[in-house]
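Undergrad: Build me a model:
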Amino acid sequence: QVQLQESDPGLVKPSQTLSLTCTVSGGSITTNYYYWSWIRQPPGKGLEWIGFITYSGSTYYSPSLKSRTSISRDTSKNQFTLQPSSVTPEDTAVYYCARDEGTAPVEWGQGTQDTVPS
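TA: Prediction:
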């Protein structure tokens, strides 16, 4: 069982780039067939899948966010990072990182709140 921990986003203003890092312990992000996702939940709304990075470093994104989202990794630190650019107040959400099995997240971080001021 792995543990995942999201970083604190700090203060991000509109039009800036948000940067969130997920630190993984208890397992390697390069383990074969492990996928690592970012998911968010805006206030009063359901969960929204953002994208994932695979054990080999390939990335896949939600079509609605693909144009301004990047997911990368640092295998030496066993971390993966989410960077949506040009944020707006609509990007306000609790952001989660997770490990997937198949298409479903099965192990989650505790989540981190990001609020983009209007």
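
Undergrad: Now the terminal residues of stretch 48-61, how far apart.
TA: The straight-line separation of the ends of stretch 48-61 (C-alpha to C-alpha, to the nearest Å) is 11 Å.

Undergrad: Mind listing what's buried along it?
TA: Residues of stretch 48-61 classed as buried: Trp49, Ile50, Gly51, Phe52, Ile53, Thr54, Tyr55, Thr59, Tyr61 (neighbour count, 16 or more other C-beta atoms under 10 Å). For every residue, glycine as well, the C-beta is placed using N, CA and C.

Undergrad: Kindly provide the distance from the residue positioned nearest the centre of the chain to Ser118.
TA: Residue closest to the average C-alpha location in the chain (C-alpha atoms, centre = their mean): Trp38, at 2.9 Å. In this view, Trp38 and Ser118 are 23 Å apart by C-beta to C-beta, to the nearest Å.

Undergrad: for Tyr95, same thing?
TA: 19 Å.

Undergrad: what do you get for Gly102?
TA: 38 Å.

Undergrad: again with Tyr96
TA: 23 Å.

Undergrad: Looking at these two, which is more packed in?
TA: Neighbours per residue, other C-beta atoms under 10 Å: of Tyr96 and Ser118, the larger number sits with Tyr96, 22 against 8.

Undergrad: any idea which helix or strand carries that one?
TA: Here Tyr96 sits within strand 93-101, counting by DSSP states H and E.

Undergrad: Show me what that strand is in contact with.
TA: 2, 4, 6, 9, 20, 22, 24, 27, 34-43, 48, 52, 80, 82, 105-109, 111-114 (C-beta atoms under 8 Å, 6 or more residues apart in numbering).

Undergrad: Buried ones among those?
TA: The buried subset of the contacts of strand 93-101 - by 16+ other C-beta under 10 Å - is 2, 4, 6, 9, 20, 22, 24, 34-40, 52, 80, 82, 105, 107, 109, 112, 114.

Undergrad: residues in contact with the residue nearest to Thr54 when sequence neighbours are not counted?
TA: Closest residue in space to Thr54, ignoring its immediate chain neighbours: Tyr35 at 5.2 Å, by C-beta to C-beta, 6 or more residues apart in numbering. The contact partners of Tyr35, by C-beta under 8 Å, 6+ apart, come to Phe52, Ile53, Thr54, Tyr55, Arg99, Asp100.
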